[in-house]
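Sequence and predicted structure, then a few things I'm wondering about:
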Amino acid sequence: MYLVRSGAVDGIEKLIHDLGENPIELIESLGLRQSQFRNPNTYIAYNRVAELMELCARRCHAPFFGLLLAQRQNSNVLGDLPVLVSRESTVGEALNAANQYLYLHASGVRLEPQPHGDSIRLSLVINLTSSQGIHQLMQLSVAQMAIFVADLINTDQFSFILHFMQPEPDDLSQLQKLNFQHIKFNQPFNGLQLPKIKLEGRNHQDQAALNKHFVEYLHHLQNRYPDNLENQIKDVIGRLLPSGDCSVEQVAATLNMHPRTLQTKLKQLGTSYREILQATRQDVAEQHLRYNSVNITDLALQLGYSEVAVFSRHFKRWLGKSPREWQKAEREKRSAAIGNE
């Protein structure tokens with residue numbers, strides 16, 4: 001089963017509402033819950049998200065629903081990717097790193113650079129089938145890629161030409177509502193095209209860009225979890241874990257606090273940074289193991305462990321079983337539950 005972070009569709013409820021429909025009704029009609037979209041690091045079945053996007057496009061009479069959603073977003077919707085590529089020197093190296101870590105945002109997705117004369121086609125491939133199609137999901141994903149690449153090369157995301165394999169929609173009246181004005185349909189690939197020379201340029205997702213990114217992220221945390229420091233910390237930890245720098249100092253800096261102030265506040269709440277770190281790691285581990293979305297080696301790295309053996313030892317201390325034993329038990333539990341239905 002392929003999964004995607006719910007953060008990928010950040011803002012979808014407001015867009016549905018603004019287009020005159022009931023977001024809760026649409027979400028629940030597909031067996032999803034509104035609560036699944038509250039934490040951006042909650043993973044949702046990718047095909048359900050594709051179905052939701054197509055349903056929204058039909059019900060809202062919005063053939064460019066995916067693009068409308070993307071233009072309300074920024075690179076924060078991609079979770080850890082901006083942080084993980086920030087140390088790469090060139091745009092090409094940053095794109096290679098992004099491709100390596102894409103599974104943290106969505107499984108079953110890859111970026112395929114394809115030479116095309118003096119240009120490079122950045123083709124986005126989503127290994128997903130849906131009875132409702134994936135046109136809207138592809139619109140969203142290609143536009144998000146434009147936002148990400150624009151940050152790397154320090155340009156306007158709306159200046160890119162977006163290429164889509166989907167046929168041109170019959171109703172083009174909503175094109176005037178789009179900030180993405182350069183769109184081509186019936187193309188041989190889904191993605192963007194860049195001059196090859198751009199890949200050799202400096203990666204602009206540097207410290208200054210990251211500082212701006214974290215300022216925006218801080219506002220996002222304060223709005224999403226007002227007066228809930230513990231949930232803010234869990235969110236930050238979930239984002240920083242794959243980078244390998246998830247110290248209390250880094251988390252405090254993200255929250256614009258001194259580490260001692262953060263630890264004092266946590267003590268007053270009856271918890272500690274170590275306890276929240278362990279709980280977050282356990283939550284992420286359980287989620288991935290339950291859905292078998294990544295292998296155990298990659299999961300250990302995602303959780304900030306340099307060795308799989310250390311992760312396995314910690315996991316067994318948390319839940320009394322090794323990761324593989326726990327995963328097998330969960331699989332048997334689900335099979336038994338299905339058999340009893």
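Received, thanks. Note that the structure is a prediction, hence the values are computed from the model and not measured.

C-alpha from now on. contacts and neighbour counts both.
Fine.

Show me the helices in the stretch 201-341 of the chain, by range?
Remark: helices assigned in the stretch 201-341 of the chain by DSSP state H, counting those that start in this stretch are 207-224, 229-240, 248-254, 259-268, 273-291, 296-302, 308-319, 323-339.

The second one: how far from the chain's middle?
So that's helix 229-240. Distance, stretch centre to chain centre, for helix 229-240: 15 Å (Cα atoms, centre = their mean, to the nearest Å).

Please apply the same query to the fourth one.
Here the centre of helix 259-268 is set off from its chain's centre by 29 Å, with Cα atoms, centre = their mean.

Buried deepest among the helices of the stretch 201-341 of the chain, which one?
helix 229-240 (a mean of 20; mean count of other Cα atoms under 10 Å).

Show me what that helix is packed against.
helix 207-224, helix 248-254, helix 273-291 (3 or more Cα pairs under 8 Å, 6 or more residues apart in numbering; DSSP states H and E).

what comes into contact with the last one?
Counting contacts by Cα atoms under 8 Å, 6 or more residues apart in numbering, the residues outside helix 273-291 that touch it are 1, 43, 230, 233-234, 237-238, 248, 263, 266, 294, 296, 299, 303, 315, 318, 323, 327, 330-331.

Could you tell me how far it lies from the centre of the chain?
17 Å.

Quick check: mean pLDDT of that helix?
Across helix 273-291, the average pLDDT comes to 89.

ditto for stretch 128-142
For stretch 128-142, mean pLDDT rounds to 92.

Buried ones in that stretch, by neighbour count?
Of the residues in stretch 128-142, 134-142 count as buried by neighbour count, 16 or more other Cα atoms under 10 Å.

Was I right to think Glu51 contacts Gly133?
Yes: if you go by Cα atoms under 8 Å, Glu51 and Gly133 touch, sitting 7.4 Å apart.

pLDDT at Ala25, what is it?
You called it Ala, but residue 25 is Glu. 95.

That one and Gly31: what is the separation?
Separation of Glu25 from Gly31 (Cα to Cα, to the nearest Å): 10 Å.

hmm, back to that, possible to save the helices and strands packed on helix 229-240 as a markdown table with distance to Asp10?
Output for the helices and strands packed on helix 229-240, formatted as a markdown table (distance: least, Cα to Cα, whole Å):
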| stretch | distance to Asp10 |
| --- | --- |
| helix 207-224 | 11 |
| helix 248-254 | 21 |
| helix 273-291 | 20 |
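
quick one: which of the ones you listed is nearest Thr129?
Shortest distance between Thr129 and these, using Cα to Cα, is found for helix 273-291: 17.9 Å.

Contact partners for Phe180?
67, 71, 158-160.

among these, which two are most distant?
Most distant of the contacts of Phe180, by Cα to Cα, are Leu67 and Ser159, 14.1 Å apart.

Look at these two and report which has more neighbours.
Leu67 (24 against 13; other Cα atoms under 10 Å).

Least confident secondary structure element in the chain?
Every helix and strand in the chain was compared by mean pLDDT, DSSP states H and E; the lowest is helix 207-224, with a mean of 69.

Got the domain ranges for the chain?
Using automatic domain parsing, the domain parsing of the chain gives 3-199, 225-336.

which among the contacts of Phe180 gets closest to Ala98?
Distances from Ala98 to those, taken by Cα to Cα, are shortest for Phe160, at 19.0 Å.

OK, contacts around that closest one?
146, 180, 182, 192.

and the third one, how far is that from Gln73?
Same thing as His182. His182 sits 18 Å away from Gln73, going by Cα to Cα.

now do the first one
With distances defined as Cα to Cα, the gap from Ala146 to Gln73 amounts to 11 Å.

Which one's more surrounded, the two?
Applying other Cα under 10 Å to Ala146 and Gln73 shows that Ala146 carries more neighbours, namely 26 against 17.

can you tell me the helix or strand for the more buried one?
Per DSSP states H and E: Ala146 is located in helix 135-153.
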